[in-house]
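In: pasting the structure only:
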DNA sequence: GAATAATGAGAAAGCGTTTTCTCAGAGCGT
DNA sequence: ACGCTCTGAGAAAACGCTTTCTCATTATTC
């Protein structure tokens, strides 16, 4: 038997009693079923407002087999990128009366699977944001997580996938620096397990192939301020005049570290970020970066999810992953390579 | 009758059938009830794993009268402060096996009440983050939202409340500027409806009373980058040498705008922020601000909520609001008032 | 005016659990 | 050997809702 709450919430039965009708009729009225006589409907509505009746969503969910909630699994909620996706998703879902449940895996990829499964059971669908789990695990898990939408990840299992073309974006940034006369570049890489870092590396391979004359060094890194800030020495040691940071956060950390050393940006060194987070317009100097329409990505994630939930035939949605192209956002952290450093 | 899913999820009944026991026994085993014979328990567990049985949380919620979920209502998810609270709350709640449901009111205070009520019914409790609704409305709503925790807001209705002492913080920042020799200050205010802006104004009133010699001007503002960026003219026109921005975002916008005009910070003008968001350490110059332990605030919100849910006697928790004191974080965006501007 | 169709509302089953109630059977003492 | 307690498991109610099924009432038609 269920637990009896200390003060029982008022339910459909109370309204039915007060209006002198059956549970069924109350339910019908509450759901706008027009097979109910107008007089009775009015009486029920009156009773409902008088008792301040609010249907219990849990009972509703059980009967209807849906929760009007979707889950989102993110590796780290402190990352502005994931925050923006969450926001876009949440806003878009709210438009259609859906709520968002959060599951933060704290970058612990081993917990991700359990977390995802648990979240999925509470929701009508799941958005997996750049999952850190292996391809094999993802594919194995996929069936039990449907309907599911992937962000910055693909899988052979059938699931819509939204990708940002980080490879193309980083290439454009590199080309941008080359166009400014830089010949020695450095890439401040991101986290090992990050799929988006892999895409950047792939893009840079292509870039290298197309520009054998350019010296491009790979430096170890990460994804936050501290990493950028602590990389000043490595960057200077590399002799690069143009630095491609993994993302805007790293770039900002680097900018700050360079400033402390009295090294001028862009006069001495040019720096680029990635993502175009809102802050990038307001750094000093303003940050050249590759803009990712991240909020739109969250929105799109919801739209794909909605199609799945509503069972829209899959041929209405694109088969392969939807790819978002970053847009080069030239600002003042990049400039012509300085004459003296250009030489060596 | 409930909706029959296209492919029925496997339920407790399937496990019971396979193990040759009753629903009840399966439930007992799954919940670690030791009144079940070890042999039978093992058989049930085997059946469960073989069928990959996962209890349906909705059914569970209905029977148990709890959802293991709490809701958070925020005025704007794009605000780093609310993001940080959300993060702290989510992490802390996850520790105790609770999930967080998001309700973003998009600063529309009229929707807030409905949103809150709806979220509450889906959850075991509600965290209201700086609600924009009126005091009267909040108090009227409070009973139906219990258990509830307030952040940056109080109410006469009984509910734990976590407050940041913005008044004290802004006073310290102002004192800091005065200590550096500034005599003409300006406050770039926040949104009208924001309670935290009201607290800052109150603090500044006190400050004025204690420093009749200081010229403190109030400038209209807001809470984001753009506002700070667009306020450069107003700030310059005010003749102030020290500017108290509503928060770090506004300060960063201002910093950027001043930089574009070639006005040096802190040599020509000193600027302070508020909140100490992670970015504040990495602006150029680094931002003097009042640090708010915001993630801890989210954490505390969960702990208060947990006490309410577990029905811990209220005398265990403090009666009045818990107040968090901001800590002055002196960095390089503030410096001695310049001789030439100090005069006029 | 009687047979038929249309309308509207109640009874009850079902959603998937938990938990109380109940009772069969085992263990034990006398 | 009989009655007692105790253990363990099944039957069934409860959680709060939706919806099908069913049937009573009224409207329609020849």
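Out: Great, that's in hand. No experiment lies behind these values; they were computed from the predicted model shown.
In: Can you pull the domain assignment for chain A?
Out: As assigned by automatic domain parsing, chain A contains the domains A:12-55, A:69-164+A:294-323, A:166-292+A:328-343.
In: could I get these as TSV with mean neighbour count, mean pLDDT and distance to residue B:163?
Out: Where C-beta positions appear, they are placed from N, C-alpha and C, glycine not excepted. Supplementary listing: the domains of chain A in TSV, determined by neighbours: other Cβ atoms under 10 Å in any protein chain shown; pLDDT from 0 to 100; distance: least, Cβ to Cβ, whole Å:
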stretch	mean neighbour count	mean pLDDT	distance to residue B:163
domain A:12-55	16	89	30
domain A:69-164+A:294-323	20	91	24
domain A:166-292+A:328-343	20	93	27
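In: Turn those domains into JSON lines, including distance to DNA strand C.
Out: Written out in JSON lines, the entries for the domains of chain A read as follows (distance: least, Cβ to the nearest atom of the strand, whole Å):
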{"stretch": "domain A:12-55", "distance to DNA strand C": "3"}
{"stretch": "domain A:69-164+A:294-323", "distance to DNA strand C": "9"}
{"stretch": "domain A:166-292+A:328-343", "distance to DNA strand C": "33"}
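In: what's the closest of the ones you listed to residue B:76?
Out: Distances from residue B:76 to each of the domains of chain A were compared by Cβ to Cβ, and the smallest falls on domain A:69-164+A:294-323, at 9.0 Å.
In: Any idea which of the domains of chain A gets closest to residue B:164?
Out: Residue B:164 sits nearest to domain A:69-164+A:294-323 of all these, at 19.5 Å, using Cβ to Cβ.
In: Nearest residue to residue A:33 in space, ignoring adjacent ones along the chain?
Out: residue A:27 (8.0 Å; Cβ to Cβ, 6 or more residues apart in numbering or on different chains).
In: So is the helix or strand where the one you found lies next to DNA strand D?
Out: Element membership of residue A:27, judged by DSSP states H and E, is helix A:23-30. Yes - using Cβ under 7 Å from any atom of the strand, we find that helix A:23-30 touches DNA strand D at A:23-24, A:27-28, A:30.
In: Quick check: closest non-adjacent residue to residue A:99.
Out: Closest residue in space to residue A:99, ignoring its immediate chain neighbours: residue A:69 at 4.8 Å, by Cβ to Cβ, 6+ apart.
In: Residue A:248 contacts residue A:271, doesn't it?
Out: No - between residue A:248 and residue A:271 no contact is recorded; they are 10.3 Å apart, counting by Cβ atoms under 8 Å.
In: residues shared between the contacts of those two?
Out: In the contact map built from Cβ atoms under 8 Å, 6 or more residues apart in numbering or on different chains, the residues linked to both residue A:248 and residue A:271 are residue A:287.
In: Indicate which one of the domains of chain A is closest to residue A:61.
Out: Proximity to residue A:61, assessed across these by Cβ to Cβ, is greatest for domain A:69-164+A:294-323 (8.6 Å).
In: before we move on, back to that, turn the domains of chain A into CSV, including distance to residue B:125.
Out: Shown next, in CSV, are the domains of chain A (distance: least, Cβ to Cβ, whole Å):
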stretch, distance to residue B:125
domain A:12-55, 16
domain A:69-164+A:294-323, 15
domain A:166-292+A:328-343, 32
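In: closest one to residue B:74 among the ones you listed?
Out: If we rank the domains of chain A by Cβ to Cβ, the stretch that ends up nearest is domain A:69-164+A:294-323, at 9.8 Å.
In: how long is the closest one from one end to the other?
Out: Taking Cα to Cα, to the nearest Å, the span from the opening residue of domain A:69-164+A:294-323 to its closing residue is 26 Å.
In: now check that domain, is it near DNA strand D?
Out: No - interface with DNA strand D: domain A:69-164+A:294-323 contributes nothing (Cβ under 7 Å from any atom of the strand), its closest point being 13.6 Å away.
In: Flag every residue of the stretch 201-344 of chain A that's near DNA strand D.
Out: If contact is defined as Cβ under 7 Å from any atom of the strand, none of the residues of the stretch 201-344 of chain A are in contact with DNA strand D.
In: All the strands of the stretch 201-344 of chain A, residue numbers only.
Out: A:215-219, A:242-245, A:270-272, A:289-291, A:322-324, A:327-329 (DSSP state E, counting those that start in this stretch).
In: so which strand or helix has the residue nearest the centre of chain A?
Out: Geometric centre of chain A, nearest residue: residue A:85, 3.4 Å, by Cα atoms, centre = their mean. Using DSSP H and E, residue A:85 sits within helix A:80-95.
In: Packing partners of the following helix or strand past that helix?
Out: Of the helices and strands lying after helix A:80-95 in sequence (DSSP H and E), the nearest is strand A:99-104. Taking 3 or more Cβ pairs under 8 Å, 6 or more residues apart in numbering or on different chains; DSSP states H and E as the contact definition, the neighbouring helices and strands of strand A:99-104 are strand A:69-74, helix A:80-95, helix A:109-122, helix B:80-95, strand B:99-104.
In: wait, which of those is closest to residue B:220?
Out: Distances from residue B:220 to each of these were compared using Cβ to Cβ; the shortest belongs to helix B:80-95, at 20.4 Å.
In: tell me which strands and helices that closest one is in contact with?
Out: strand A:99-104, strand B:69-74, strand B:99-104, strand B:125-129, helix B:294-309.
In: next SSE after the fourth one?
Out: Going back to what we said before, that points to strand B:125-129. Beyond strand B:125-129 in the direction of the C-terminus, DSSP H and E gives the next helix or strand as helix B:135-145.
In: contact partners of that next one?
Out: Residues outside helix B:135-145 that contact it (Cβ under 8 Å, 6+ apart) are A:52, B:113, B:116-117, B:120, B:126, B:128, B:131, B:133, B:148, B:153, B:155-159.
In: do the same with stretch A:290-297
Out: Contacts with stretch A:290-297, where a contact means Cβ under 8 Å, 6+ apart, come from A:81, A:84-85, A:87-88, A:91, A:151, A:162, A:164, A:169-170, A:172-173, A:272-276, A:324, A:326-329.
In: Check the separation of the first and last residues in it.
Out: First residue to last in stretch A:290-297 (Cα to Cα) measures 15 Å.
In: quick one, phi psi at residue A:150?
Out: The phi and psi values for residue A:150, taken as degrees, to the nearest 10, are phi -100, psi 140.
In: Was I right to think it contacts residue A:125?
Out: No - taking contacts as Cβ under 8 Å, residue A:150 lies outside contact range of residue A:125: 11.9 Å.
In: ok, which residues in the stretch 151-300 of chain A are in contact with chain B?
Out: Applying the criterion Cβ under 8 Å from any Cβ of the partner chain, the portion of the stretch 151-300 of chain A that neighbours chain B consists of A:225, A:229, A:252-253, A:255-256, A:259, A:278-279, A:281-286.
In: ok, these vs residue B:56, which is closest?
Out: Distances from residue B:56 to those, taken as Cβ to Cβ, are shortest for residue A:278 (40.7 Å).
In: Look up how far residue B:275 lies from the closest residue in space to that closest one that isn't next to it in sequence.
Out: Computed as Cβ to Cβ, 6+ apart, the closest residue to residue A:278 that is not its neighbour in sequence is residue B:225, at 6.4 Å. Distance, residue B:225 to residue B:275, using Cβ to Cβ, to the nearest Å: 14 Å.
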